[in-house]
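Participant: return a 3D structure for these sequence lines:
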Amino acid sequence: MADLSQHLLGADFQSPVLLASGTCGYGEEYAGLIPLDQIGGLVTKAVSVEPRPGNPPHRVAETPGGMINAIGLQNVGLERFRAEKLPWLRKNLRSARVLINVVGHSAEDYGSVVSGLDEDDGFLGYEINVSCPNVKDGTFFGTDPSALSSLVAGLRSRTERPLVVKLTPNVPDIGLYARICEDAGADGLSAINTFPGMLVDVEARRPVIGNVSGGVSGPAIFPMGVYLTWRAAEAVSIPVIGIGGIRSGNDALQYILAGASLVQVGTALFVDPSAPVQVLEEIEEYMERHGIERLADLVGALTIPDRD
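Facilitator: Numbers count the residues shown, from 1 in each chain. Take a look at the predicted model:
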């Protein structure tokens, strides 16, 4: 039998396949669709200090090769998450690992969420979404080296749980930002978040998305996701989680060979909720077909031709 398990972030993951934040709610929404406790884990919908109503409609639209969304990080807020969502996760997910996606408009916001959750159980650690704007100075944490370093270092001082930073693709050198996170105390990275995009209704002559622009995800960003995951993994020694357009075992294996220890399936869930199970089965079939006993032996096993 192929061994799909790995010991990462101080924990055992029974498989490399996770559900991506923003696509699986808080887990309960998919409980009747797939066997959640048989996959590697999930990353919850974002949690902020205060509840957020999200952006005006339309929030989601189909694009060639994927979708565009501008949900606006709608969520129930810290207190309702602790009271309503975390107890369900604690009770129902015993083998699958849970990361809580954290958002904020200031370093203090992020810190309040982490401090507010840190003494609870039922989850492994945090995925820090750094694509949020800092309302104090208008910068985005994920594109400002100094702000990113300060944010991660500040959160590191608040928790001993794993910190996984979700990198934005909207930077000239993702390896630089990956190293900044590692140096500031991050335990892992997620690569990548969505790309900015826009759709126009030509009859109405107005943007399709109520927020004007949104994040593009799905198969259209798959090659960029693989490339940026490779660049990030080459730059650091901490684990990288690959995200972007994964629909099959072949897709996931490309990320794994490029250096991802784990992968997240997101947009594919909207087409086929069973996609994560299929991805997992196809990875296992590949390993058995090639006589590979341990998934860990495939991580970063990409052969780069000589470029002399």
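
Participant: right, and residue 56 touches residue 209 too?
Facilitator: No. If you go by CB atoms under 8 Å, residue 56 and residue 209 don't touch, sitting 9.4 Å apart. (C-beta placed from N, C-alpha, C; glycine too.)

Participant: more neighbours: the two, which one.
Facilitator: residue 209 (24 against 11; other CB atoms under 10 Å).

Participant: so how far is residue 281 from that one?
Facilitator: Computed as CB to CB, to the nearest Å, the residue 209 to residue 281 distance reads 35 Å.

Participant: ok, residue 64 next?
Facilitator: From residue 64 to residue 281 the distance is 28 Å (CB to CB).

Participant: how about the residue lying closest to residue 200 once chain neighbours are set aside, phi and psi?
Facilitator: Of all residues not flanking residue 200 in the chain, residue 207 sits nearest, at 6.0 Å (CB to CB, 6 or more residues apart in numbering). Dihedral angles of residue 207 (phi, psi; degrees, to the nearest 10) stand at phi -60, psi 140.

Participant: same deal with residue 102?
Facilitator: phi -120, psi 130.

Participant: which ones are touching it?
Facilitator: Counting by CB atoms under 8 Å, 6 or more residues apart in numbering, residue 102 touches 46-48, 110, 113-114, 126-129.

Participant: run the last query once more with 6 Å
Facilitator: 47, 110, 113, 126, 128 (CB atoms under 6 Å, 6 or more residues apart in numbering).

Participant: residue 101 now?
Facilitator: 21, 43-44, 46, 127, 129.

Participant: so which of the contacts of residue 102 is the closest to residue 75?
Facilitator: Nearest to residue 75 out of these is residue 47 (CB to CB; 5.8 Å).

Participant: what's the spacing between the closest residue to the closest one other than its chain neighbours and residue 110?
Facilitator: Spatial nearest neighbour of residue 47, chain neighbours left out: residue 81 (5.0 Å); criterion: CB to CB, 6+ apart. Residue 81 is 15 Å from residue 110, where distance means CB to CB.

Participant: and for residue 40?
Facilitator: 25 Å.

Participant: the stretch 1-150 of the chain: helices as residue ranges?
Facilitator: 77-80, 86-92, 107-117, 145-156 (DSSP state H, counting those that start in this stretch).

Participant: now do the last one against helix 107-117: the angle between them, please.
Facilitator: So that's helix 145-156. In terms of direction (axes from the mean of the first three to the mean of the last three CA atoms, to 10 degrees), helix 145-156 departs from helix 107-117 by 20 degrees.

Participant: for helix 145-156, packing partners?
Facilitator: helix 107-117, helix 174-184 (3 or more CB pairs under 6 Å, 6 or more residues apart in numbering; DSSP states H and E).

Participant: give me the contact list for the last one.
Facilitator: Residues outside helix 174-184 that contact it (CB under 6 Å, 6+ apart): 145, 148-149, 152-153, 165, 167, 171, 189, 228, 231-232, 235-236, 238.

Participant: mean confidence for that helix?
Facilitator: Mean pLDDT, computed over helix 174-184, is 98.

Participant: and after that helix, which helix or strand comes next?
Facilitator: As assigned by DSSP states H and E, the chain's next helix or strand after helix 174-184 is strand 188-191.

Participant: do you know how far the nearest residue to residue 130 once chain neighbours are set aside is from residue 110?
Facilitator: Nearest non-adjacent residue to residue 130, counting by CB to CB, 6+ apart: residue 142, 3.7 Å away. Note on residue 142: its distance to residue 110, by CB to CB, is 12 Å.

Participant: residue 224 too?
Facilitator: 26 Å.

Participant: for the two, indicate the residue with more neighbours.
Facilitator: residue 110 (26 against 14).

Participant: got a pLDDT number for the closest residue to that one other than its chain neighbours?
Facilitator: Distances taken as CB to CB, 6+ apart place residue 104 nearest to residue 110, at 4.1 Å, with adjacent residues excluded. For residue 104, the pLDDT comes out at 94.

Participant: kindly report the same for residue 252.
Facilitator: Predicted confidence (pLDDT) for residue 252: 98.

Participant: start to end distance for stretch 42-60?
Facilitator: Stretch 42-60 has an end-to-end distance of 22 Å (criterion: CA to CA, to the nearest Å).

Participant: an error on my part: the question was meant for stretch 19-39.
Facilitator: Termini of stretch 19-39 sit 9 Å apart (CA to CA).

Participant: check stretch 159-178 too.
Facilitator: 20 Å.
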